[in-house]
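Undergrad: Sequence first, predicted coordinates after that:
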Amino acid sequence: MKGLYFDGQWQEPAINDQIDVENPFSREIIASVAATHEEDVNKAVASAKSALSNWKNTPLPERIELVKKLTLRLEKRREDFAAIIRDELGCGKDMAMNIQFLSYIKAMFTYMEEAKKLNLAEKNDSYTVYKEPYGVVACLTPWNYPFGQIIQKIIPAVIMGNTVVLKPSQKTPLVAIELFKEIDQVGFPPGVLNLTTGRGSEVGNILATHPDVRMVTFTGSTSGGKEIAKLAADSVKRVILELGGKSAAVILDEADLNLAARRVLFTVCSNVGQTCSAQTRVLYPRKLEDKVIKAFQRQAKDFSFATPDNHDTRVGILASQKQTERVWGYVNQAIDQGAELAIGQKPAEQEGYYTELMVLKNVSNRDKIAQEEVFGPVIVMIPYDSEQEALAMANDSIYGLSGAVFGPPDQALEFAKQMETGQIFINDSSGSGAPFGGYKQSGYGREGGKYGLLEFVQLKTVFTP
Ligand code: NAD
């Protein structure tokens with residue numbers, strides 16, 4: 001039963017407590033991991049603290065070299081990692097390999113390349129600005145991209161000279177443990193990277209309040225993020241929050257409707273809607289209603305049901321009982337209040353966490369299902385009568401994570417500039433390497449490339465006579 005790694009070694013937790021990990025597809029318990037407690041977490045933080053001074057003084061090229069060694073080892077073991085992700089998340093094979101694993105290996109290379117270009121000591125006439133690490137960084141990650149969300153935190157953190165204590169989601173800790181088996185082989189100095197599996201309410205809280213932790217980077221629900229920010233405030237820690245979303249895709253008058261439907265469906269179906277940046281609110285001209293709905297119905301046929309073993313990895317199995325109840329709860333309530341299904345069927349009690357795509361019309365932007373994050377393959381279709389109204393509705397959300405505008409490129413760009421969100425696609429739905437993060441209650445801070453690296457440094461100005 002692994003889950004605790006510090007001082008460069010696997011450790012026995014102080015208390016024998018464990019968390020079971022379920023395969024959402026078979027619904028079998030496939031492993032148990034350590035539920036660590038305060039004593040273990042304190043030791044992991046102490047380990048990170050003791051490694052700090054050495055690590056931050058290790059030249060950047062040497063730090064990058066170790067990350068490169070790790071990346072190459074991971075890449076070689078791609079089949080193993082994809083299988084673990086598939087089993088603990090219940091997603092399809094290709095999804096696990098391409099989107100959940102390989103795209104983050106690419107992100108690791110990008111971090112390394114961008115780090116080489118950074119100027120860590122910027123000289124001015126009378127002073128120099130140094131970029132320095134914060135110190136011990138606590139990384140708290142969710143289950144929906146169990147490998148990727150870890151990479152987006154621990155890699156830029158250690159490249160920039162911080163040391164890390166990682167607390168992965170209790171639902172998907174296996175990929176984190178496998179990652180630490182590789183970290184263990186690479187030759188990082190003991191204490192640079194530490195792992196404590198466990199429950200958010202306990203391990204997460206200890207890390208967020210620990211006096212020796214200088215920074216917390218959290219990806220998860222907005223409610224969890226608010227809690228972390230409050231806990232971290234007492235010791236004035238640097239906090240990064242990557243939170244939920246309810247992103248709008250706006251279809252303009254002259255948009256290519258098939259393209260719009262296809263791109264939106266891709267964002268929603270790819271991880272069974274369990275993606276923070278999924279475009280789950282579609283705003284379209286009322287006069288085009290029939291054509292828009294037909295385009296979605298036509299394109300939805302290509303997003304067929306997937307199981308973990310087939311290659312077509314679209315809509316399929318939600319990650320847990322809790323998720324299934326949540327998604328069905330939202331949809332049933334919306335239908336009871338007058339929403340109609342343009343695609344999909346009313347959820348019925350059944351075995352397993354199978355959930356098909358559901359596209360709802362007759363929904364208002366103020367309805368609960370249009371305002372809250374469902375985190376399943378559910379899209380709400382909302383008509384508008386003017387672009388002004390479309391913009392007001394797009395921005396009428398507590399969230400601001402992602403979004404898209406479909407239409408003539410220049411017009412779409414002008415519209416996009418007025419949307420209150422951290423990332424927008426024009427006539428598209430995916431891209432990598434660019435900064436990613438939220439406006440409003442979707443959080444603050446950015447991940448990816450140069451901007452992701454810069455989140456992990458503070459500036460020191462030294463005046464020289
Ligand atoms: P969650 O908030 O339940 O948990 C996230 C992590 O924080 C877990 O490791 C959990 O154990 C820990 N945690 C939870 N509550 C805590 C608390 N009060 N104190 C300390 N630690 C705590 O989120 P989840 O269900 O794992 O993930 C789904 C959510 O993550 C969705 O809302 C999704 O939108 C969001 N998400 C955001 C991004 C992004 O980049 N913005 C990416 C992926 C997921």
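TA: It's in. Residues are numbered from 1 along each chain as shown.

Undergrad: any weak-confidence spans in the stretch 151-300 of the chain?
TA: Counting by pLDDT under 70, the stretch 151-300 of the chain contains no low-confidence range.

Undergrad: got the residues of it near the ligand?
TA: 167, 169-170, 200-201, 204-205, 208, 219-221, 224, 227-228, 242-245, 276 (C-beta under 6 Å from any ligand atom). Every residue, glycine included, has its C-beta placed from N, CA and C.

Undergrad: Contact partners for the residue in the stretch 251-400 of the chain positioned nearest to the ligand?
TA: Closest approach between the stretch 251-400 of the chain and the ligand, counting by C-beta to the nearest ligand atom: residue 276, at 3.2 Å. Applying C-beta atoms under 8 Å, 6 or more residues apart in numbering, we find residue 276 in contact with 144, 242-245, 373, 401-402, 442.

Undergrad: Looking at the residues you listed, which are in strands?
TA: Among these, the members falling in strands (DSSP state E) are residue 242.

Undergrad: Can I get the contacts of residue 276 in a markdown table including distance to residue 55 and neighbour count?
TA: Formatted as a markdown table, the contacts of residue 276 follow (distance: C-beta to C-beta, whole Å; neighbours: other C-beta atoms under 10 Å):
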| residue | distance to residue 55 | neighbour count |
| --- | --- | --- |
| 144 | 30 | 24 |
| 242 | 24 | 27 |
| 243 | 29 | 26 |
| 244 | 33 | 23 |
| 245 | 34 | 32 |
| 373 | 37 | 22 |
| 401 | 32 | 27 |
| 402 | 34 | 27 |
| 442 | 32 | 29 |
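
Undergrad: chain center to the strand or helix carrying residue 258: distance?
TA: Element membership of residue 258 [criterion: DSSP states H and E] is helix 257-269. Averaging C-alpha positions (C-alpha atoms, centre = their mean, to the nearest Å) puts helix 257-269 20 Å from its chain's average.

Undergrad: and if you look at stretch 197-217?
TA: Distance of stretch 197-217 from the chain centroid (C-alpha atoms, centre = their mean) equals 18 Å.

Undergrad: contact partners of the helix or strand where residue 128 lies?
TA: Using DSSP H and E, residue 128 sits in strand 127-133. By C-beta under 8 Å, 6+ apart, the residues outside strand 127-133 that reach it are 52, 56, 118, 120-122, 157, 160-162, 454, 456-464.

Undergrad: mind listing what the helix or strand following that strand pairs with, with the direction of each?
TA: As assigned by DSSP H and E, the chain's next helix or strand after strand 127-133 is strand 136-140. Partner strands and pairing direction for strand 136-140 (DSSP bridges) are strand 163-167 (parallel), strand 215-219 (parallel).

Undergrad: Need those in CSV (columns: mean neighbour count).
TA: Output for those, formatted as CSV (neighbours: other C-beta atoms under 10 Å):
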stretch, mean neighbour count
strand 163-167, 28
strand 215-219, 27
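
Undergrad: how far does the helix or strand containing residue 40 sit from the chain's center?
TA: Under the criterion of DSSP H and E, residue 40 resides in helix 38-56. Centroid displacement of helix 38-56 relative to its chain, using C-alpha atoms, centre = their mean, is 26 Å.

Undergrad: Could I get the buried residue list for it?
TA: Going by neighbour count (16 or more other C-beta atoms under 10 Å), the buried part of helix 38-56 is 40-41, 43-52, 55-56.

Undergrad: Run a quick neighbour tally on the residue of the stretch 201-350 of the chain found nearest the ligand.
TA: Taking C-beta to the nearest ligand atom, the ligand has its nearest neighbour within the stretch 201-350 of the chain at residue 204, 2.0 Å off. Using other C-beta atoms under 10 Å, residue 204 has 24 neighbouring residues.

Undergrad: Pull the contacting residues for residue 291.
TA: Residue 291 makes contacts with residue 257, as judged by C-beta under 8 Å, 6+ apart.

Undergrad: I'd like the distance between it and residue 430.
TA: 24 Å (C-beta to C-beta, to the nearest Å).

Undergrad: Repeat that for residue 50.
TA: Residue 50 sits 41 Å away from residue 430, going by C-beta to C-beta.

Undergrad: And residue 345, by the same measure?
TA: Taking C-beta to C-beta, one finds residue 345 at 28 Å from residue 430.

Undergrad: The two - which one has more neighbours?
TA: Neighbour totals were compared for residue 345 and residue 430, and residue 430 leads with 12 against 9 (other C-beta under 10 Å).

Undergrad: contacting residues for the more buried one?
TA: Residue 430 sits next to 266-267 when contact means C-beta under 8 Å, 6+ apart.

Undergrad: Within the helices and strands, which one has it?
TA: If you go by DSSP H and E, residue 430 is not part of any helix or strand.

Undergrad: Could you confirm the residue of the stretch 201-350 of the chain closest to the ligand falls within a helix?
TA: Yes. The assignment for residue 204, made by DSSP: H, G, I helix; E, B strand; the rest coil, places it in a helix.

Undergrad: what sits against it?
TA: By C-beta under 8 Å, 6+ apart, the contact list for residue 204 reads 140, 167, 224, 228.

Undergrad: next one: residue 179
TA: Residue 179 neighbours (C-beta under 8 Å, 6+ apart): 74, 147, 150.

Undergrad: and the angle from the stretch of helix or strand it belongs to to strand 136-140?
TA: Secondary structure assignment for residue 179, by DSSP H and E: helix 174-186. An angle of 150 degrees separates the directions of helix 174-186 and strand 136-140 when computed by axes from the mean of the first three to the mean of the last three C-alpha atoms, to 10 degrees.

Undergrad: hang on, isn't residue 261 packed against residue 296?
TA: Yes. If you go by C-beta atoms under 8 Å, residue 261 and residue 296 touch, sitting 4.5 Å apart.

Undergrad: Need the three-state assignment for the residue of the stretch 251-400 of the chain closest to the ligand.
TA: Per three-state DSSP, residue 276 ends up coil.

Undergrad: One more: residue 19?
TA: At residue 19, secondary structure determined by three-state DSSP is strand.

Undergrad: Give me the nearest residue to residue 452, chain neighbours excluded.
TA: Spatial nearest neighbour of residue 452, chain neighbours left out: residue 156 (4.8 Å); criterion: C-beta to C-beta, 6 or more residues apart in numbering.

Undergrad: Against which helices or strands is the helix or strand where the one you found lies packed?
TA: Residue 156 belongs to helix 148-159 when assigned by DSSP H and E. Helices and strands touching helix 148-159, by 3 or more C-beta pairs under 8 Å, 6 or more residues apart in numbering; DSSP states H and E, are helix 60-76, helix 103-117, strand 136-140, strand 163-167, helix 174-186, strand 215-219, helix 449-454.

Undergrad: what's that helix in contact with?
TA: Residues outside helix 148-159 that contact it (C-beta under 8 Å, 6+ apart): 55, 60, 63-64, 67, 100-101, 103-104, 107-108, 111-112, 115, 133, 137, 139, 141-142, 163-164, 166, 168, 175-176, 179, 188, 192-193, 217, 219, 242, 447-448, 452-453, 455-456.
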